[in-house]
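A.B. asks: model the structure of this input:
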Amino acid sequence: MSKTYRFDIRTYMPKKIICVGMNYRSHIKEQDGRFPSKPVLFAKSSNAIIKDGDCIIYPPQTAELDYEVELAVVIDRKMKNIPESEVIDYIYGYTIMNDITARDIQKEEGQWFRAKSFDTFAPIGPSIVPKSEIVNPQNLRLRSYVNDELRQDACTDDMIFNVFELVSFISQSITLEEGDLIATGTPAGVAAFSKSKKFIKLGDVVICEIEKIGRLVNRVI
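C.D. replies: Have a look, this model is predicted:
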């Protein structure tokens, strides 16, 4: 008998997508950046959401399209000012997000929201795994590939601020509601800071995978 979950990835659409930047030590080191003293937050438009197997549309406004594999948290119920020790009670589960980014727009305009919120720039999936199946979200291997070439390979234990710290911090200023999505950052290996600068091209297949969740596969058109 197949399992049935309250959140079905096929119909799931978060009201809010809150993202965390600069949250992996390796990612900061690859760009010679400074470690943040508090989580760096930004948002993506919910219009950017697509699912496993859907296509990423390459917009004409950018020439530097990048990938970012991220562990994403699905909020279970309304929460506000929740201490770190109680956060687990407010998490429903986890999924994968590919935080697609137009790097030239991000760099030249300084607008993270625009650079990361074009339609189709938030692939998620392939499923939403309940927290009961992922006891420790800080011990998950995450990888990304472009056309089967490994680009990122890390563990969530490289996060500067762990999942529970992040959710608690966000809840201090923003009321989180059922179904809200929080993307927790990406490790080293993105195209922007690699020697090869291998940005995504038309026809590429981008794969993001996280242990215990699965593989998120999207073609660029």
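A.B. asks: quick one: the closest residue to residue 212 other than its chain neighbours from residue 206, how far?
C.D. replies: The spatially closest residue to residue 212, leaving aside those adjacent along the chain, is residue 134, at 5.4 Å (C-beta to C-beta, 6 or more residues apart in numbering). C-beta: built from backbone N, CA, C; applies to glycine. Distance of residue 134 to residue 206, computed by C-beta to C-beta, to the nearest Å: 23 Å.
A.B. asks: who has more neighbours out of those two?
C.D. replies: The neighbour comparison of residue 134 against residue 206 (other C-beta atoms under 10 Å) goes to residue 206, with 23 against 19.
A.B. asks: helix or strand: which one has that one?
C.D. replies: strand 205-210 (DSSP states H and E).
A.B. asks: partner strands of that strand, parallel or antiparallel?
C.D. replies: Using DSSP bridges, the strands paired with strand 205-210 are strand 141-146 (antiparallel), strand 214-220 (antiparallel).
A.B. asks: of all the ones you listed, which lies closest to residue 95?
C.D. replies: Smallest distance to residue 95 across these (C-beta to C-beta): 8.3 Å, for strand 214-220.
A.B. asks: give me the number of residues near residue 160?
C.D. replies: 20.
A.B. asks: excluding its backbone neighbours, what's nearest it?
C.D. replies: residue 23 (5.3 Å).
A.B. asks: that older thread, any idea how far the residue nearest to residue 212 is from residue 192?
C.D. replies: To residue 192, residue 134 is 29 Å away according to C-beta to C-beta.
A.B. asks: run through the helices of this structure in chain order.
C.D. replies: Listed in chain order, the helices of the chain (DSSP state H) span 25-30, 103-109, 112-116, 163-171.
A.B. asks: out of those, which comes closest to residue 196?
C.D. replies: Judging the helices of the chain by C-beta to C-beta, what sits closest to residue 196 is helix 25-30, at 12.8 Å.
A.B. asks: now the closest one: mean pLDDT?
C.D. replies: Mean pLDDT, helix 25-30: 96.
A.B. asks: can you check stretch 70-89 too?
C.D. replies: Stretch 70-89 comes out at a mean pLDDT of 98.
A.B. asks: what residues sit buried inside it?
C.D. replies: Neighbour-count burial for stretch 70-89, with 16 or more other C-beta atoms under 10 Å as criterion, is recorded at 70-76, 79, 82, 87.
A.B. asks: centre of the chain versus it, how much separation?
C.D. replies: Put simply, stretch 70-89 sits 16 Å off its chain's centre (C-alpha atoms, centre = their mean, to the nearest Å).
A.B. asks: just the C-alphas of it, formatted as CSV.
C.D. replies: Taking C-alpha atoms only, stretch 70-89 is exported to CSV below (Å, rounded to 0.1, in the frame of the first residue of the first chain):
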residue,chain,number,x,y,z
GLU,A,70,19.3,23.2,-1.3
LEU,A,71,17.5,21.4,1.5
ALA,A,72,14.1,23.0,1.9
VAL,A,73,11.8,22.8,4.9
VAL,A,74,8.0,22.7,4.8
ILE,A,75,6.3,24.3,7.7
ASP,A,76,3.5,22.3,9.4
ARG,A,77,1.5,25.0,11.1
LYS,A,78,1.4,28.6,12.1
MET,A,79,4.3,29.7,14.2
LYS,A,80,5.7,32.9,15.7
ASN,A,81,8.6,33.5,18.1
ILE,A,82,9.3,29.8,18.5
PRO,A,83,12.5,28.9,20.3
GLU,A,84,15.0,26.6,18.6
SER,A,85,14.2,23.8,21.1
GLU,A,86,10.5,23.7,19.9
VAL,A,87,11.0,24.2,16.2
ILE,A,88,10.8,20.5,15.3
ASP,A,89,7.1,20.5,16.4
